[in-house]
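A.B. asks: Task: produce atomic coordinates for the following.
(chains A and B)
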Amino acid sequence: MNFDIFADLRWRGLIHQSTDDAFLPGWLMSGRRTLYAGFDPTADSLHVGHLVAMMVLRRFQKAGHRPIALVGGATGMIGDPSGKSEERNLLSREALLANVQSMQGQMRRFLDFDSSENAAIMVNNFDWMENYSYLDFLRDVGKCFPINVMLAKDSVKNRLERDSGISYTEFSYMLLQAYDFVYLNEHFGCELQTGGSDQWGNITAGIDLARRLRGVQLYGMTNPLLTKSDGTKMGKTESGAVWLSRERTSPFKFYQYWINVEDADVGKCLRYFTELSRDQIEALDAAVKTDPAKRESQRRLAEELTRLVHGDDGLRRAQQATEVLFGREISGLSDAELGEIFSDVPSKDLPRSRLEAGIGIIDALVEAGLASSKGEARRTVEQGGAYLNNQRVAGIDAKLTPAELASETVLVLRSGRKKYALLRFQA
RNA sequence: GGGGGGUUUCCCGAGCGGUCAAAGGGGUCAGACUGUAAAUCUGAUGGCUAUGCCUUCGCAGGUUCGAAUCCUGCACCCCCCA
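C.D. replies: This next block holds a predicted model:
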C-alpha cells in the first residue's frame, strides 16, 4: 500500500475533482480501501467511453485496493439525466438483463475477481432495488433529499432550461445512485466512488445521503471526460462508437482506431489507458516530437489496448490484418484467412460461371458496391484508384478471371485508399 | 391589401434564346506528396448498351427550328409599403 495511487492518477491527468485532495492521498496509502464505479447497461457492450472509469478501477486494484464494478440493472431502468440533453427511451427488462450480462463478461478483462487478497466484486443494483417498496424508499431515502438541492444539480438544471424538460422518473435517478453508495458502504465497506466528471452530482448525492442516514463520511473522485484536442468526443468514428465487443467493433478496427489517434492526443491516451510507467510514457512523448512519422506512441497504445481488450490472439490478428491491408499484393491465402482479415468488409456472392466467363473491372466495382454507377467506376479506374488484391488496376478493359482469385473463391477489390469489398465466387 | 425580388445540378451561387450537363466556390471522391496524419498541389464530380443517346435548371402548359433562359397559370420563399 506504499504506492501513492492518488499522485499517480493526478500525474496521468485522471483527477478532475475530488472531495478532499489533501486527505485522500494519505488515506489511500494507509490501508486497503474499497471503492466503486457504476456502469449503466444501455447497450450490450462497453465502449471506449467506459474505458477511463474501467482503467481507474483497475489501477486501484493493482495498487492493492478492492474495486466494485456495479452494473446498473436498476438505475438503467430509469435513465441517468447527467450529460443528457433529452429524455431517453426506457429499455425493456429483457434487454437490460442481456446487457448486464454481456457487460459483466467484458469487465473480467479489466479486473481480477479471483485474487485472494483484494478480489474485485461484481454487483447489480437491481438485486437490492427490485424488492424495495416505493413507500419505504420514499420514507427512507426520499426524506433526505431537499428538492431545492436536487434542482440545483447541473444535470437537472440543464434539463429544466430546455423545452423538453425532464420527467419525474429521470429526476429521481440520483436517489437511486445515492442509495447504491450507501448500500455498498454497509455491505462491503465501500467508501469511495469514482466516475466521469458528469457523475459528480450523483456522487455527492450519495455522500450526503450517507451522512444524513448513517452519519458516515464517504469520498468521491471524478475523472475528466475523454475529449480530443479539437474538442470533439474521443471514441467516436463516422460509423459510431468504438465498442469493446468484437461483434460490434472488430479487433482490427479497434486496433486501427488507436493507431490513428492524433499526435496531440496520444500522450493523454497513453496516460489514461495504459499501464506504462511515467518514464516509458515520457520517452514516448519525446519520440512523438523527434520522430512523429514512426508513431511509436500510437503503435504502443494500440498494442496495449488491443491486447487488454481482445487478448494476445486478437492483437495478433489485428496486426496481421493491418499488414495485409497496408501491404502489397494479396494472394495465396485461404478463404478462412481472408474472411477473418476482412470480417468487417462487405462482400457479394456471384456465380463462379461469371468469373470463368471473365468479368469487366467496371462491372465488378459496381457489383461489389464500391461504385454507385458505371460512370463512377470508370472514373475511379481511370484515376488509378481501383485495386484488385491490392494491386492497382491498369485500365478499364481489365477482366477478372479465376487466375486473379486471392484465395479459393475470393477476390479483394479496393477503391481508393481504404474502401474494400470482397467478391465471392461459389460454384 | 399594394409593390418588388426569388426558386439552377449534394450545398452556396453564376447563367438570361442556340457554342449549357450548365461558370465559380464549398463539399465529396481519386491521384501526387506524407506518418494508414495535417497542410498543399492535381484531377474528377447526372445516367447509359457512349465520338452518340437519355434525364436534369420549383410545377404545369405555351411561343420557337431550338428554352435554364421568352410568355401564361400554379405552388412555395424573401423584402418593402400599409
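
A.B. asks: Next, the buried residues of the lengthiest helix in chain A.
C.D. replies: Of all the elements of type helix in chain A, the one with the most residues (DSSP state H) is helix A:296-326. Using 16 or more other CB atoms under 10 Å as the test for burial, helix A:296-326 gives A:296-310, A:314-315, A:317-319, A:321-322, A:324-325. Any C-beta I mention is one placed from the backbone N, CA and C, and that applies to glycine too.

A.B. asks: Just the element for A:Arg417, please.
C.D. replies: If you go by DSSP states H and E, A:Arg417 is not part of any helix or strand.

A.B. asks: State the three-state secondary structure for the closest residue to A:Ser18 other than its chain neighbours.
C.D. replies: Leaving aside its sequence neighbours, A:Ser18 sits nearest to A:Met221 (CB to CB, 6 or more residues apart in numbering; 4.2 Å). At A:Met221 the chain is in strand, as set by DSSP: H, G, I helix; E, B strand; the rest coil.

A.B. asks: Hmm, A:Met221 is touching A:Thr194, no?
C.D. replies: Yes - using CB atoms under 8 Å, A:Met221 is in contact with A:Thr194, at 5.0 Å.

A.B. asks: Flag every buried residue along stretch A:396-407.
C.D. replies: Neighbour counts over stretch A:396-407 (16+ other CB under 10 Å) mark A:396, A:398, A:400, A:404-407 as buried.

A.B. asks: would TSV of those with secondary structure and pLDDT be doable?
C.D. replies: Formatted as TSV, these follow (DSSP: H, G, I helix; E, B strand; the rest coil; pLDDT from 0 to 100):
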residue	secondary structure	pLDDT
A:Ile396	coil	85
A:Ala398	coil	88
A:Leu400	strand	91
A:Glu404	helix	89
A:Leu405	coil	91
A:Ala406	coil	89
A:Ser407	coil	90
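
A.B. asks: that older thread, ok, which of the buried residues of helix A:296-326 also contact RNA strand B?
C.D. replies: Subset of the buried residues of helix A:296-326 in contact with RNA strand B: A:298, A:322, counting by CB under 7 Å from any atom of the strand.

A.B. asks: Which of the buried residues of stretch A:396-407 sits closest to A:Ala264?
C.D. replies: Of all the buried residues of stretch A:396-407, A:Ala406 has the smallest distance to A:Ala264: 37.8 Å, by CB to CB.

A.B. asks: Surely the closest one is in contact with A:Arg414?
C.D. replies: No - assessed by CB under 8 Å, A:Ala406 is found out of contact with A:Arg414, at 11.4 Å.

A.B. asks: which element is A:Glu356 on?
C.D. replies: Using DSSP H and E, A:Glu356 maps to helix A:352-357.

A.B. asks: what's in contact with that helix?
C.D. replies: Identification of contacts with helix A:352-357 by CB atoms under 8 Å, 6 or more residues apart in numbering yields A:400-402, A:405, A:409, A:411, A:425-427.

A.B. asks: Residue most distant from the centroid, chain A?
C.D. replies: In chain A, A:Ala357 marks the outermost C-alpha relative to the chain mean, sitting 46.7 Å out by CA atoms, centre = their mean.

A.B. asks: list the contacts for the residue in the stretch 251-400 of chain A positioned nearest to RNA strand B?
C.D. replies: Closest approach of the stretch 251-400 of chain A to RNA strand B (CB to the nearest atom of the strand) occurs at A:Gly385, with a separation of 2.7 Å. Residues near A:Gly385 by CB under 8 Å, 6+ apart: A:415-416.
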